[in-house]
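**Q** Predicted model, plus sequence, below.
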Number of protein chains: 2
Amino acid sequence: MEMWIKEMQIEGAAMTYKVNETLLRKKTEFQDLAIVDTPSFGRMLVLDGIVQTTIKDEFIYHEMITHIPLFTHPNPKKVLVVGGGDGGAIREILKHPSVEKAVLCEIDGDVIEACKKYLPEISCALDDKRCEVFVGDGIKYVKDHKNEFDVIIVDSTDPFNMAEGLFGGNFYRDIFDALTEEGIFIAQTETPYFLPDTVNKVFNDAKKIFPVTKMFMAGIPTYPGGYWSFTVGSKKHDPSKVDTSKIKIQDMKYYTPELHNACFVLPQYVKDVIGEK
Amino acid sequence: MEMWIKEMQIEGAAMTYKVNETLLRKKTEFQDLAIVDTPSFGRMLVLDGIVQTTIKDEFIYHEMITHIPLFTHPNPKKVLVVGGGDGGAIREILKHPSVEKAVLCEIDGDVIEACKKYLPEISCALDDKRCEVFVGDGIKYVKDHKNEFDVIIVDSTDPFNMAEGLFGGNFYRDIFDALTEEGIFIAQTETPYFLPDTVNKVFNDAKKIFPVTKMFMAGIPTYPGGYWSFTVGSKKHDPSKVDTSKIKIQDMKYYTPELHNACFVLPQYVKDVIGEK
């Protein structure tokens, strides 16, 4: 007997993955959590039936959501990750020697525990002494901290159900206030191809609040459409015009200094989706 | 009853599409041809179970495989498409006023007929007076023409079975000879993520023959991994360093002059796949 999982995200289309073994399946306080082992992508974290991260392609998402803002900021010392319980963003953040503290605020402690146990390649930095793990509501955490973080990374699930509040105006205003003077915010902002209205709203919500708001794209095999958007909101520095000549990279498999600015050059249909010229 | 098709291209993973209606299914002399209507991507051409092109996302592939070489060449007059029986590349080629003749050499006449009937949005330019359709073997056609084409576009199926000869050394040598002095060749060269060995071989076969060989990427939802490579071999002009200030675009939804050079900036793992620094 073969077992396959079918990921229903797009009307009338679905990605399916053969499963070698289900390592964990648990109804947590917040969601249906699974860790499965697959022949195509190795072990995967699946939440409410949606693939969140996989051993084989996680490097793309985690490098791009981290290094773009951290190499844009001239001296990032304190970084917050909202969501991201797998620890992948924390692992990448701690590659930056300037970082003194990286806070992870994840609402679902079971995600953290599952990733620590089953996805050590991704979660390996959660026990680093520069990392502080806080289990709780990211919206409240951001509201309670003012002028504190140099970079805030919103590494969330899709904008439905409990993650809905992590996409939009009020939350982005609180993020702005939680950032320091040269602060930079980034969020994964879904697929412009399949969810144009969502991407338009999220980008323009950020644009209303941040003096500089830019979108970039990355090719991620396990996300619907394979071509994913990230939105950067910045108080001062333009993330698409970084002097990359002094960037020193470490163990990176997707990010390169040349790609840093180039990934912000968008296809026409993506520009149309967000209303940019 | 719901009908879904399952595209088996990757070991242990598959894209599936709900089908509203099968408009055509035929065993041609060369392959299993189907035109199906889907809720997710509209009508699709499917060959041997692999999605070739769809009404909704075809613009990405056809724009990028055409406009990158044609805007790199200073004055493309005569262009050859090998494969590409759907006519999408021809449609884009004929947007360039300099083009006097566009030849389509497709081995399977049934593909052309099916696309003319069921995919008119894509095949619409095949009856243009500047287009010449030749049904026959592309390898032989290229061998029989010397110093004739300014641009040759290899718009093939995947490098298995009958299309295998369209990927590699001998064919690329014949393409070089069929090109004029400033000639440019482009081919779709698969997914570096899932087929690194194939992509490495094809790129380096081209590199042995062309003075300038470059790879670029585009995000294409219906191709495995969603992030597709194209290889450009050029006798003289560097396709990644084009002066785009004078480019005039028409009805383009993916290609932009800014993207022309930026799409050649590759992620690290893709550089590693093709052995570039």
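**A** Great, that's in hand. Numbering: from 1, shown residues only, chains lettered A, B, ... in the order given.
**Q** Not counting sequence-adjacent ones, nearest residue to residue A:245?
**A** residue A:257 (7.7 Å; Cβ to Cβ, 6 or more residues apart in numbering or on different chains). (C-beta placed from N, C-alpha, C; glycine too.)
**Q** actually residue A:15, not the one I wrote
**A** residue A:7 (4.8 Å).
**Q** Backbone dihedrals for that neighbour, please?
**A** phi -100, psi 110 (degrees, to the nearest 10).
**Q** Okay, the residue nearest to residue A:245 and residue A:121: tell me how far apart.
**A** As judged by Cβ to Cβ, to the nearest Å, residue A:257 and residue A:121 stand 25 Å apart.
**Q** out of these two, which sits in the more crowded spot?
**A** residue A:257 (19 against 15; other Cβ atoms under 10 Å in any protein chain shown).
**Q** For that one, give me its contacts.
**A** A:71, A:244, A:245, A:247, A:249 (Cβ atoms under 8 Å, 6 or more residues apart in numbering or on different chains).
**Q** can you tell me which of these are in helices?
**A** Using DSSP state H, the subset of the contacts of residue A:257 located in helices is residue A:71.
**Q** Just the buried residues from the contacts of residue A:257, in PyMOL please.
**A** Burial among the contacts of residue A:257 is assessed by 16 or more other Cβ atoms under 10 Å in any protein chain shown; the matching PyMOL selection reads:
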select buried, chain A and resi 71
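**Q** Out of the contacts of residue A:257, which comes closest to chain B?
**A** residue A:249 (8.4 Å; Cβ to the nearest Cβ).
**Q** contact partners of stretch A:6-13?
**A** A:14-17, A:49-51, A:158, A:194, A:224, B:15-18, B:38-41.
**Q** Secondary structure class of the residue of the stretch 51-200 of chain A found nearest chain B, three-state.
**A** Among all residues of the stretch 51-200 of chain A, residue A:193 sits closest to chain B, at 5.4 Å; criterion: Cβ to the nearest Cβ. Following DSSP: H, G, I helix; E, B strand; the rest coil, the label given to residue A:193 is coil.
**Q** need the residues of the stretch 101-250 of chain A near chain B, please.
**A** Applying Cβ under 8 Å from any Cβ of the partner chain, we find that the stretch 101-250 of chain A lies next to chain B at A:193, A:194, A:217, A:218, A:219, A:220, A:221, A:223, A:224, A:225, A:226, A:227.
**Q** now, which of those lie within helices?
**A** Reading helices off those, I find no matches (DSSP H).
**Q** how about a markdown table for the residues you listed, with pLDDT and neighbour count added?
**A** Converted to a markdown table, these look like this (pLDDT from 0 to 100; neighbours: other Cβ atoms under 10 Å in any protein chain shown):
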| residue | pLDDT | neighbour count |
| --- | --- | --- |
| A:193 | 95 | 25 |
| A:194 | 94 | 18 |
| A:217 | 98 | 20 |
| A:218 | 98 | 24 |
| A:219 | 98 | 27 |
| A:220 | 97 | 27 |
| A:221 | 96 | 22 |
| A:223 | 94 | 25 |
| A:224 | 92 | 23 |
| A:225 | 93 | 24 |
| A:226 | 95 | 26 |
| A:227 | 96 | 27 |
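**Q** Out of the residues you listed, the closest to chain B would be?
**A** When those are compared against chain B (criterion: Cβ to the nearest Cβ), the nearest one is residue A:226, at 1.2 Å.
**Q** Setting aside sequence neighbours, what's the nearest residue to the closest one?
**A** Going by Cβ to Cβ, 6+ apart, residue A:226 has residue B:226 as its nearest residue, at 1.2 Å.
**Q** mind checking the longest strand of chain A?
**A** strand A:179-188 (DSSP state E).
**Q** buried ones in the following helix or strand past that one?
**A** As assigned by DSSP states H and E, the chain's next helix or strand after strand A:179-188 is helix A:196-209. For helix A:196-209, burial by neighbour count (16+ other Cβ under 10 Å) applies to A:196, A:198, A:199, A:200, A:201, A:202, A:203, A:205, A:206, A:207, A:209.
**Q** returning to that earlier point: contacting residues around the residue nearest to residue A:226?
**A** Contacts of residue B:226 by Cβ under 8 Å, 6+ apart are A:219, A:220, A:221, A:223, A:225, A:226, A:227, B:219, B:220.
**Q** right, and residue A:218 touches residue A:228 too?
**A** Yes: here residue A:218 reaches residue A:228: they are 5.5 Å apart, a contact under Cβ atoms under 8 Å.
**Q** hey, what's in contact with both of these two?
**A** With Cβ under 8 Å, 6+ apart, residue A:218 and residue A:228 have common neighbours residue A:61.
**Q** Give me the three-state assignment for residue A:213.
**A** strand.
**Q** quick one: it and residue A:235 touch, right?
**A** No: contact criterion Cβ under 8 Å: residue A:213 and residue A:235 do not qualify, at 10.8 Å.
**Q** ok, those two, which is more surrounded?
**A** residue A:213 (22 against 16).
**Q** Residue A:194 versus the more buried one, what's the distance?
**A** 22 Å.
**Q** on that earlier part again, dihedrals phi and psi, the residue lying closest to the residue of the stretch 51-200 of chain A closest to chain B once chain neighbours are set aside?
**A** Nearest residue to residue A:193, sequence neighbours excluded (Cβ to Cβ, 6+ apart): residue A:225, at 4.6 Å. Reported as degrees, to the nearest 10, the phi and psi values for residue A:225 are phi 90, psi -20.
**Q** wait, residue A:225 sits on residue A:194?
**A** Yes: counting by Cβ under 8 Å, residue A:225 sits close enough to residue A:194 to count as a contact (5.5 Å).
**Q** joint contacts of these two?
**A** residue B:221.
**Q** all helices in chain A, in order from the N-terminus.
**A** Under DSSP H, chain A gives helices at A:58-72, A:88-93, A:109-118, A:120-123, A:138-143, A:169-178, A:196-209, A:257-262, A:268-274.
**Q** quick one: contacts of the fourth one?
**A** The set of residues external to helix A:120-123 that reach it, using Cβ under 8 Å, 6+ apart, is A:53, A:55, A:58, A:62, A:86, A:87, A:88, A:91, A:112, A:115, A:116.
**Q** Kindly recompute the last result at 10 Å.
**A** If you take Cβ atoms under 10 Å, 6 or more residues apart in numbering or on different chains as the criterion, helix A:120-123 is touched by A:42-43, A:45, A:53-56, A:58-59, A:62, A:84-91, A:111-117, A:126.
**Q** Buried residues, that helix. List them.
**A** A:122, A:123.
**Q** Many thanks, I have nothing further to ask.
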